[in-house]
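Engineer: Could you look at this predicted model? Sequence included:
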Amino acid sequence: MKKVWLMTAIVFVVASSHAQFTKATLQATGLTCAMCSNAINKALQKVSFIESVRSDIKNSAFNIVFKEGEDIKIEELRKAVEDAGFSVGSLKLTGNFHELKIDNDTHVEIGKEVFHFLNVSEQVLNGEQTISVVDKNFVSAKQFKKFRSASKMSCVASGKAGSCCKKEGIAGDARVYHVTI
Amino acid sequence: MNFKKITPVFVLLLAGIFSYGQHEVANITDPRLLIKLPDVKGDSISLASLKGKVVLLDFWASWCLPCRAANKKLVKLYGKYKTQGFEIFSVSVDDERRDWIKAIEKDKITWLQVNDPRNWGAQSALNWGISVLPTTFLINKKGDVVAIDPAEKGLESSIKNLLQE
């Protein structure tokens, strides 16, 4: 008699949290009609991690799709817009999230960048989510002032981790992006 | 004066004149600048067919507010010179045909109007190297581009002069 051993392989799925940005919606502002200039469009298309840019005239926005698996460097988006002679009025980042715990005034890493959540309640992000960058030069000066006063942590004003998040193991000179949902 | 010292400057100057002489003037009959697009009725109109007239080629879109403001001024100018051989050829890059037609009605435009959809992806805008809306080109009777974005102030006198050429 042959004994058949059924081998059961149990795959342990490590329930790690992760997130990856896939696309963005960017509004540009300036003294002249931002959509009337092709300069922003062209500058964004030159950014290495951008797959495509489409002008959404109705919403005066640029719909950006990121290249899959590439690191998104948010500062480069701002630089492209500013080099084209405009400034960022709003930047919304959309990504796929998996069990990412966030809370007000806490830091999380998404990709290779550090994010500081403002004006949010404690929650776990799953699936497709959109967050808005509220740092200086990513919103109007007036809006920035409002967000800056929402937190006592010094990194909100400076954009650098500084002394406010050393406890969480983040280097002092690390760029921290302040975001909200 | 040392002749050796002068020679290179002289050669450079000659080269400058030579290259200037060869400098190409954009002409509406150049196949690379061809614009043949449908008007509101769907009839195809070509820019090259306007050779012999003084033409203002105008790239615009209904969503471009500076373009809409310019339209108002062009209405007056067109009314004044259309019977004398002046024509305006407007290329809208509107993606939404309805928006384009609505803007024509609202701005009371009676000159030639064609639509090249896809906003900044419009082929005619790419061919003409448009980077901002509105962009206008003043074209003489020979079909040569004589001015890019002529200032409003001197536009009328330029048209008058070109009509007499």
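Structural biologist: Done, it's in. The structure presented is a predicted model; accordingly, all values stated were derived computationally and were not measured.
Engineer: what's the burial count for residue 36?
Structural biologist: I went with chain A, as the question did not name one. Counted with other CB atoms under 10 Å in any protein chain shown, residues neighbouring residue A:36 total 20. Any C-beta I mention is one placed from the backbone N, CA and C, and that applies to glycine too.
Engineer: actually it's chain B I care about, not the one you picked
Structural biologist: Neighbours of residue B:36 using other CB under 10 Å come to 12.
Engineer: Give the closest residue to it in space, chain neighbours not counted.
Structural biologist: The shortest distance from residue B:36 to any non-neighbouring residue, by CB to CB, 6 or more residues apart in numbering or on different chains, is to residue B:46 (4.1 Å).
Engineer: ok, now which ones touch that neighbour?
Structural biologist: B:34-36 (CB atoms under 8 Å, 6 or more residues apart in numbering or on different chains).
Engineer: export the residues you listed to JSON lines and tack on secondary structure and pLDDT?
Structural biologist: As requested, these are exported to JSON lines (DSSP: H, G, I helix; E, B strand; the rest coil; pLDDT from 0 to 100):
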{"residue": "B:34", "secondary structure": "coil", "pLDDT": "96"}
{"residue": "B:35", "secondary structure": "coil", "pLDDT": "97"}
{"residue": "B:36", "secondary structure": "strand", "pLDDT": "97"}
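Engineer: Name the nearest of the residues you listed relative to residue B:128.
Structural biologist: residue B:35 (8.0 Å; CB to CB).
Engineer: The closest one and chain A, how far apart?
Structural biologist: 18 Å (CB to the nearest CB, to the nearest Å).
Engineer: Per-residue pLDDT of the closest residue to that residue other than its chain neighbours, please?
Structural biologist: Leaving aside its sequence neighbours, residue B:35 sits nearest to residue B:47 (CB to CB, 6+ apart; 4.2 Å). Note for residue B:47: predicted pLDDT of 97.
Engineer: interface residues of chain B facing chain A?
Structural biologist: B:61, B:63-67, B:95, B:119-120, B:125, B:130-134 (CB under 8 Å from any CB of the partner chain).
Engineer: out of these, which are buried?
Structural biologist: B:61, B:63-64, B:67, B:95, B:119-120, B:125, B:130, B:133-134 (16 or more other CB atoms under 10 Å in any protein chain shown).
Engineer: So residue A:63 is in contact with residue A:56, correct?
Structural biologist: Yes - contact criterion CB atoms under 8 Å: residue A:63 and residue A:56 qualify, at 5.3 Å.
Engineer: Now the common contact residues for those two.
Structural biologist: residue A:25.
Engineer: Next, count neighbours for residue B:99.
Structural biologist: The number of residues near residue B:99, taken as other CB under 10 Å, comes to 16.
Engineer: what helices or strands is the helix or strand hosting it leaning on?
Structural biologist: Using DSSP states H and E, residue B:99 maps to helix B:97-106. Counting contacts by 3 or more CB pairs under 8 Å, 6 or more residues apart in numbering or on different chains; DSSP states H and E, helix B:97-106 is packed against strand B:112-115.
Engineer: Tell me the helix or strand right after the strand it packs on.
Structural biologist: helix B:123-127.
Engineer: Low-confidence stretches in chain B?
Structural biologist: Applying pLDDT under 70 to chain B flags the ranges B:1-23.
Engineer: how about the helices in it?
Structural biologist: Ranges of helices within chain B are B:3-22, B:65-81, B:97-106, B:123-127, B:152-164, based on DSSP state H.
Engineer: So which residues on chain A come close to chain B?
Structural biologist: A:32-33, A:35-39, A:41-42, A:55, A:57-58.
Engineer: returning to what we had before: what comes up buried for the helix holding residue B:99?
Structural biologist: Buried-residue list, helix B:97-106, by 16+ other CB under 10 Å: B:99-101, B:103-104.
Engineer: tilt between that helix and helix B:65-81?
Structural biologist: Computed by axes from the mean of the first three to the mean of the last three CA atoms, to 10 degrees, the angle separating helix B:97-106 from helix B:65-81 equals 50 degrees.
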